[in-house]
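Undergrad: mind looking at a prediction? Sequence and model below.
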2 protein chains.
Amino acid sequence: MADPRAALPETVALLGGGVIGGGWAARFLLNGVDVRLHDPDPDAGRKVGEVVENGRRAMRRLTHAPLPGEGRLVLCASAEEAAAGAALIVESAPEREQLKRELFARVEAAASDDALFTSSTSGLRPSALQADMRRPERMLVAHPFNPVYLLPLVELCAGEATAPEAVERMRLICEAIGMAPLVVRREIDGFLADRLMEALWRESLWLVNDDVATVSELDDAVRLGAGLRWAAMGTFETYRIAGGEAGMRHFMEQFGPALKWPWTRLTDVPELTDELLDRIASQSDEQAAGMGFRDMERRRDDCLVGIIQALRTRGVGAGAVLEQYERSLMSGATEGEPSAVDGDGRPLHRAHVMPEWVDYNGHAHESRYLQAFGDATDGLLQRLGVDGAYLQDGRSFYTVETHLSHLREISAGDDLEISTQVLDADPKRVHVFHEMRRDGEVVATAEQMLLHVDTVANRAAETEGEVARRVDELAAAHARLPRPERAGRSIGVNRGQPSG
Amino acid sequence: MADPRAALPETVALLGGGVIGGGWAARFLLNGVDVRLHDPDPDAGRKVGEVVENGRRAMRRLTHAPLPGEGRLVLCASAEEAAAGAALIVESAPEREQLKRELFARVEAAASDDALFTSSTSGLRPSALQADMRRPERMLVAHPFNPVYLLPLVELCAGEATAPEAVERMRLICEAIGMAPLVVRREIDGFLADRLMEALWRESLWLVNDDVATVSELDDAVRLGAGLRWAAMGTFETYRIAGGEAGMRHFMEQFGPALKWPWTRLTDVPELTDELLDRIASQSDEQAAGMGFRDMERRRDDCLVGIIQALRTRGVGAGAVLEQYERSLMSGATEGEPSAVDGDGRPLHRAHVMPEWVDYNGHAHESRYLQAFGDATDGLLQRLGVDGAYLQDGRSFYTVETHLSHLREISAGDDLEISTQVLDADPKRVHVFHEMRRDGEVVATAEQMLLHVDTVANRAAETEGEVARRVDELAAAHARLPRPERAGRSIGVNRGQPSG
């Protein structure tokens, strides 16, 4: 398998740093791509920083797979300055056709010849937006969804002048940053997702306008029922199942007549009068019950992370996308760049204590120490050549035994460093010792026995080839280091002596 | 708090045993209510049995709270026979107004005087359905969503003749079986949820009809993007957050103009020609890729369980409904019931492997084993008298050392039992050994040393009083048990012997 991350540009330019532009920034930075961003808002730097921090927090919860080192964010004084030298230029300016059209024409002059251009518009046609470009064949729509750093969907839509290669190039870039590109085969206003969202939205507005229901009741009508199904299946698969044993055609015929019911006023649109805006805004305030915008964002992200993880277990929808992305991260992690080692040649892993690691005692829960040690083990395995392809081949290392010592409590916000020493190895086993330090002081240790397994036959198997060679090499190098004092401990009440 | 389950009738009559009637059967039976069901389909017994089995399977995964003993299902030869003696009569017959209207009038004659009547119609007005009843004040719509045993939403809608007490009575019944009743304040065709679903559905049909997209592309356009948000938040809260710092009014004003775009044909309805039906049915077959209907149902249920559990962690939407339901199940369970111990007097802790515990290897991450063992330790500490007041007083036990052995992988959905043996204790320490079992087989063990600490002075301290007494009592009782084989282990490559 070719490394999907090879499709990634080194640098992207982002024109616009609002909710969508900031979300793109988070996606790219967290995938190791440098970002040059321009937004006329003098406060854009702070706002984008907050979105990126949200994205960082969400990604840490979403996956244990190794993300590459973060890219660098540079704020630029003009769109042209941002675009210079970038291989991909992503426009997320306000939804005004003329503005976007002029922006593309203007920036093209400052951009390199092989740069790719995309617009994040949620509904304007690419044929219109590319009309004033000198080389419109390299421009298309790539429409993502908020929060961009979590939702996998991105709609790709070509304009009349767009070259198929441009669409393909963007498709590969999106896949490399963990997204699920959906190529819209016919250019229409609103593409696919926004037409569907807009239908729901128009009907919702009517129901508030006609005082049938409040915004909070309407949200419950979605999220306590059909919304749960939509997250997993969308509409058609849901109805296929609802058809029972008789299937899709039966469902269509049974509920077809309901389509004739006169309940919809959707091609009419309610006038957004001040009164309607006030009603919606005040009902929405009531629903929020004083919860601030940033808190709501974080709660939303936590829910989305949980939902996507739940779907991953079943390999469904957004969960299947995450699985695929994690495999590519595993395969991308090894090659090239050696990760950090300490002065003794021991691999180093860095971790940060997240607020949710803390339990009722006010310190990180004991299991979170092991989570961090597990990440350090993953880092070691990558160094040994255990990558996505290796896992795909049905080989892996499993932890069969762990001895943990907690020497100091760790608290939210602490920065930790874990160094890993290989104590011993045989053809099937690697015996390691981790030391976790905060500001140089050892706060915990973990001794682990890793067993090499054939994951298909589900039994121990000998390492071979490059992995075997690297295990031997590291074991030999570390054999020169002193044996850690706490290695080989067993647990017992040691009467008459103070405890460790 | 009064027991919410007091609202439950002993027996309900279900008229109709299709997908919806069968789902009601599962909800009621699993909540300890007897069900008398009539359906003219001679195969109804088998079909309902399969839906109830799906429901049983889903509820076991959804909650660890103690469900009451199951109710009894009786199939009846006629609607009148089913209705006789039932306190609640739920109609889930085909969506034909005249049929339902006659059914209510006919069954009323056979029913007891204080019986409550509901219709599961997804769109017909209760005023029409109750028109021929002698006492229409006791009839309303209670519209649930498929799968009824999992989705919490049920819309309650009164007709012109319905008494407010009837709505209130049904509201309490629905809450007692874990649902979230949404009272529709104005009687309209399609109520709230189906109007919203229908809007999405009509737009979807147009996009297939006009050959813009396939059913599979449209499902992806929902479930990889907005559908994930709808599950957590619905429409309005989503857009409130999308408005960024500027909030709801800003969002409305920014995207208001899009409402004028001419992309919707929703009050027109595509003619359900044979050609369109064929296209949808064959695209749907392709999407299903040979997966059978029952398998799709189970995958749907697993996804819904995972999503609802993910939301419970954050107390949001369907997760908040589940929390509330579990509290009522806990309070309904016998007061003062001592927590579980196994046959050897070892405290027992039950755990369920959550989807988000699973890492890229497809099994629970090693740290999650320790999370479950930590919960078992918490259970032990509560039994020793370490409660909120004790912690408040500045005393606690900290884990200082842990030795974990992983013997088998555990997977999402597994039910685990952890038994805890006190191996030893002194005034400052408790030495424990946990065994984690799945279906009786030991899958992991954890040996731990717990240190009693003064959390204010942050140093080891002796236990006193009741806690000291209980530690001694448990240690003495467990001293009679055999010492676990894996206790006292240390880690090392054991050359010439197979590893544990």
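TA: Received the coordinates, thanks.

Undergrad: now do the longest helix seen in chain A: distance to the chain's middle.
TA: The single longest helix within chain A, with elements called by DSSP state H, is helix A:293-313. With C-alpha atoms, centre = their mean, to the nearest Å as the basis, helix A:293-313 stands 11 Å off its chain's centre.

Undergrad: and that helix with chain B, contact?
TA: Yes - Helix A:293-313 lies within reach of chain B by C-beta under 8 Å from any C-beta of the partner chain, at A:293, A:296-297, A:299-300, A:302-313. The C-beta positions use only the backbone N, C-alpha and C, and glycine is treated the same way.

Undergrad: sec struct for A:Cys157, please.
TA: strand (DSSP: H, G, I helix; E, B strand; the rest coil).

Undergrad: low-confidence stretches in the stretch 1-150 of chain A?
TA: A:1-2 (pLDDT under 70).

Undergrad: where does it get nearest to chain B, which residue?
TA: With C-beta to the nearest C-beta, the shortest gap between the stretch 1-150 of chain A and chain B falls at A:Phe145, namely 4.2 Å.

Undergrad: which residues of the stretch 101-250 of chain A fall in strands?
TA: Secondary structure of the stretch 101-250 of chain A (DSSP state E, counting those that start in this stretch): strands located at A:116-119, A:139-144, A:153-158, A:180-184.

Undergrad: in a markdown table, list the ones you listed along with mean neighbour count.
TA: Formatted as a markdown table, those follow (neighbours: other C-beta atoms under 10 Å in any protein chain shown):
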| stretch | mean neighbour count |
| --- | --- |
| strand A:116-119 | 27 |
| strand A:139-144 | 27 |
| strand A:153-158 | 25 |
| strand A:180-184 | 21 |
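
Undergrad: out of the ones you listed, flag the one nearest A:Phe397.
TA: Nearest to A:Phe397, of all the strands of the stretch 101-250 of chain A, is strand A:180-184, at 30.1 Å by C-beta to C-beta.

Undergrad: what's in contact with that closest one?
TA: A:142, A:152-157, A:167, A:170-171, A:174-175, A:191-193, A:318, A:321, B:212-213, B:217, B:220-221, B:224 (C-beta atoms under 8 Å, 6 or more residues apart in numbering or on different chains).

Undergrad: check contacts around A:Gly55.
TA: A:Gly55 neighbours (C-beta under 8 Å, 6+ apart): A:23, A:26-27, A:29-30, A:147, A:149-150.

Undergrad: can you check what angle separates the strand or helix carrying it from helix A:293-313?
TA: Using DSSP states H and E, A:Gly55 falls within helix A:44-62. Using axes from the mean of the first three to the mean of the last three C-alpha atoms, to 10 degrees, the direction of helix A:44-62 lies 30 degrees away from that of helix A:293-313.

Undergrad: quick check: next helix or strand after helix A:44-62?
TA: In N-to-C order, the element after helix A:44-62 by DSSP H and E is strand A:73-75.

Undergrad: paired strands for that following strand, with orientation please.
TA: strand A:34-38 (parallel) (DSSP bridges).

Undergrad: give me the contact list for the partner strand.
TA: Against strand A:34-38 from outside (C-beta under 8 Å, 6+ apart): A:10-17, A:21, A:25, A:28-29, A:44, A:48, A:71-79, A:81-83, A:85-86.

Undergrad: show me which positions of it end up buried.
TA: A:34-38 (16 or more other C-beta atoms under 10 Å in any protein chain shown).

Undergrad: hmm, back to that, out of the contacts of A:Gly55, who's nearest A:Glu91?
TA: The nearest one, if we look at these relative to A:Glu91 and count by C-beta to C-beta, is A:Gly23, at 13.9 Å.

Undergrad: what number of residues lie near the closest one?
TA: Summarising burial for A:Gly23: neighbours were counted as other C-beta atoms under 10 Å in any protein chain shown, giving 27.

Undergrad: likewise the one 3 residues further on?
TA: Residue crowding around A:Ala26 was assessed by other C-beta under 10 Å; the count is 26.

Undergrad: give the bridge partners for the closest residue to A:Phe397 other than its chain neighbours, please.
TA: Using C-beta to C-beta, 6 or more residues apart in numbering or on different chains and skipping the chain neighbours, the partner closest in space to A:Phe397 is A:Leu450 (4.4 Å). Note on A:Leu450: beta-bridge partners by DSSP bridges are A:Thr399, A:Val430.

Undergrad: now do whichever strand or helix holds A:Val12 against helix A:44-62, angle only.
TA: Assigned by DSSP H and E, A:Val12 belongs to strand A:11-15. Per the same axes, to 10 degrees, the angle that strand A:11-15 makes with helix A:44-62 is 120 degrees.

Undergrad: thank you kindly, that will do.
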